[in-house]
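Participant: have a look at this prediction, sequence included:
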Amino acid sequence: MMITSKIAETVTMAYCALELRRKIVGVTFLDNKEEFQCAAAPALRNKMPYCVLVKLAMAGYSRKANVDNFGCLSAARAFGIVKPTEEWLSGCQYRDRGMYRDLAIAKKVVDHTTNLSRQRYGVMVNPLEECTLPPDVVIIVSVPYNIMRLLQGYTYTYATYTNFKIIGNQAFCSECTAYPLESANINISTLCSGTRYMAGWGKDEMALGIPFVQFTGMIEGLYRTANPMEPNCEKVIIAEKVKKSGRTDLDIEYNKNYYTGLYNK
């Protein structure tokens, strides 16, 4: 199966199994000027925070950005596009902004914040169904119920993941992009104050980032756990979307799931 058709099939499965208000996006890193120029997305003409770039792609608009376009230096630092300053590395920047109790705590937070291990030239963010090649990382923003379901799908395929890194800061650049890429595994984020202000996410929204190489397995698991995990009201919606998509590989079973008969009344 061609890469593009495999991506499209997996995205269809995800949209059948979940009620998503925003598109799933793929993040692709561009290593040099030539790659940046060849990347199939319009370049930003001005500065924009990376998290806003992600939200733009979730509305259907592909874009790419380099050092001249990053409106948030935290993301540029997380991606190796600019070097960390001594003020940040020491913890002084976070301490002086009142984000942590003292310098020792701030320095410990900095030491455990994931930045990409090698320098990149730029980044491209597309709705996943528009990716012609596998992206590096996939990001989904949704309500906690859907993130739960995605974690159930991940666990179905890969078993328990025990190394989540969540601090409520640098949500999209570090927690949902740099850390999944560097760790080669999934991560979730409750988002951060900065992105909630800049991009205007809802209070009920959170995010999940995962390397593309694991995305298909997670969605396969999501699909296969619809019967044991979902209640009837959700199964009705899933069954209708599966039928509409033309898929024939999921037979919904009503009045039955893993917790049927487990609880005393």
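Facilitator: Good, I have the coordinates. Worth saying up front: this structure is predicted, and the values here are computed from it rather than measured. Residues are numbered from 1 along each chain as shown.
Participant: could you check how far stretch 30-42 is from the centre of its chain?
Facilitator: Averaging C-alpha positions (C-alpha atoms, centre = their mean, to the nearest Å) puts stretch 30-42 21 Å from its chain's average.
Participant: just the buried residues of it, please?
Facilitator: Buried positions in stretch 30-42, judged by neighbour count with 16 or more other C-beta atoms under 10 Å: 30, 35, 36, 39, 41. Yep, even glycine has a C-beta here, placed from its N, CA and C like the rest.
Participant: so which of these belong to helices?
Facilitator: 35, 36 (DSSP state H).
Participant: what ranges does this structure have for its helices?
Facilitator: Under DSSP H, the chain gives helices at 3-17, 33-38, 50-58, 73-78, 86-90, 92-96, 103-111, 144-158, 179-183, 193-199, 212-224, 226-229, 232-245.
Participant: now do the fifth one: distance to the chain's middle.
Facilitator: When you say that, I think you mean helix 86-90. 27 Å.
Participant: contact partners of it?
Facilitator: 77, 93, 94, 103, 107, 110 (C-beta atoms under 8 Å, 6 or more residues apart in numbering).
Participant: ok, now the second one?
Facilitator: Outside of helix 33-38, the residues that reach it under the criterion C-beta under 8 Å, 6+ apart are 30, 43, 64, 66, 121, 122.
Participant: could you give me the average pLDDT of that helix?
Facilitator: If you average the pLDDT over helix 33-38, you get 96.
Participant: how about the fourth one?
Facilitator: Mean pLDDT, helix 73-78: 96.
Participant: ok, and for it, which residues are buried?
Facilitator: 74, 75, 76, 77, 78.
Participant: buried only: go through the contacts of helix 33-38 for me.
Facilitator: Using 16+ other C-beta under 10 Å, the buried ones in those are 30, 64, 66, 121, 122.
Participant: need those residues in CSV with distance to residue 51 and pLDDT, can you?
Facilitator: Shown next, in CSV, are the buried ones among the contacts of helix 33-38 (distance: C-beta to C-beta, whole Å; pLDDT from 0 to 100):
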residue, distance to residue 51, pLDDT
30, 18, 97
64, 15, 98
66, 17, 96
121, 20, 96
122, 16, 97
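Participant: please flag which of the residues you listed sit within strands.
Facilitator: 30, 64, 66, 122 (DSSP state E).
Participant: between those residues, which sits nearest residue 214?
Facilitator: Among those, residue 30 lies closest to residue 214 (C-beta to C-beta), at 21.7 Å.
Participant: quick check: beta-bridge partners of that closest one?
Facilitator: Beta-bridge pairing for residue 30 (DSSP bridges): residue 122.
Participant: quick one: contacts for it?
Facilitator: Contacts for residue 30 (C-beta under 8 Å, 6+ apart) come out as 36, 39, 64, 66, 120, 121, 122, 123, 124.
Participant: so which of those is the closest to residue 167?
Facilitator: Distances from residue 167 to the contacts of residue 30, taken by C-beta to C-beta, are shortest for residue 123, at 21.8 Å.
Participant: from residue 50, how far out is the closest one?
Facilitator: Distance check for residue 123 against residue 50: by C-beta to C-beta, to the nearest Å, it reads 7 Å.
Participant: and residue 200, by the same measure?
Facilitator: Taking C-beta to C-beta, one finds residue 200 at 15 Å from residue 50.
Participant: which among the helices of the chain is found nearest to residue 258?
Facilitator: helix 226-229 (4.1 Å).
Participant: and the closest one, what's buried?
Facilitator: 226, 227, 229.
Participant: no more questions from me, cheers.
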